[in-house]
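1. Below: sequence and its predicted model.
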Amino acid sequence: MDNVLESIQEKIKELIEVFNCKQERKVAYIAGPMTSDPNYKSKFDLAEGILKSAGYIVYNPAWQPQGLKYEEYMAVSGKMLDCCNHIFLLDGWEKSPGVKTELKKAIENNMEIHDFLRWHESQGAERQI
């Protein structure tokens, strides 16, 4: 019984550390249409650069390896999302089934949700994407 209690206490301690880490840092996930947009990499890269310059640590799913199945891409994206406390939605996200799945997970994870263009413009920047 003592081993079980110690194990539970250790897990709680780990979760608190993860929670505190996510609260202290700005960790962002970029979500946008990929399959329907042949220029998606340049848009994701531009957003990544802008977010990094604003102090975010950025997960950019556009740099996953080529050749995976859709389900595999989504599994990796889900793991990335678990590490983030912000999600930034790129223009056209409403038409992407993948982004809708990512958004649902972001809501479940209590992430801050941003429309990238609105956020970027609110920072005083001109529209680039």
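-> Sure, I can see it.
2. going forward, measure contacts and count neighbours with C-alpha atoms only.
-> Noted.
3. Okay, and residue 29 sits in which element?
-> If you go by DSSP states H and E, residue 29 is part of strand 27-31.
4. Likewise for residue 35?
-> Per DSSP H and E, residue 35 falls between elements, in no helix or strand.
5. what about it, distance to residue 72?
-> Applying Cα to Cα, to the nearest Å, the value for residue 35 to residue 72 is 14 Å.
6. so how far is the strand holding residue 29 from its chain's centroid?
-> Averaging C-alpha positions (Cα atoms, centre = their mean, to the nearest Å) puts strand 27-31 3 Å from its chain's average.
7. strand partners of it, parallel vs antiparallel please.
-> Next to strand 27-31 in the sheet, as set by DSSP bridges, lie strand 57-59 (parallel), strand 86-89 (parallel).
8. so what's the residue most central in space within the chain up against?
-> Most central in the chain under Cα atoms, centre = their mean is residue 29, positioned 2.0 Å from the mean C-alpha point. Contacts for residue 29 (Cα atoms under 8 Å, 6 or more residues apart in numbering) come out as 58-61, 80-81, 84, 86-88.
9. which pair in the residues you listed spans the largest distance?
-> 61 and 86 (14.1 Å; Cα to Cα).
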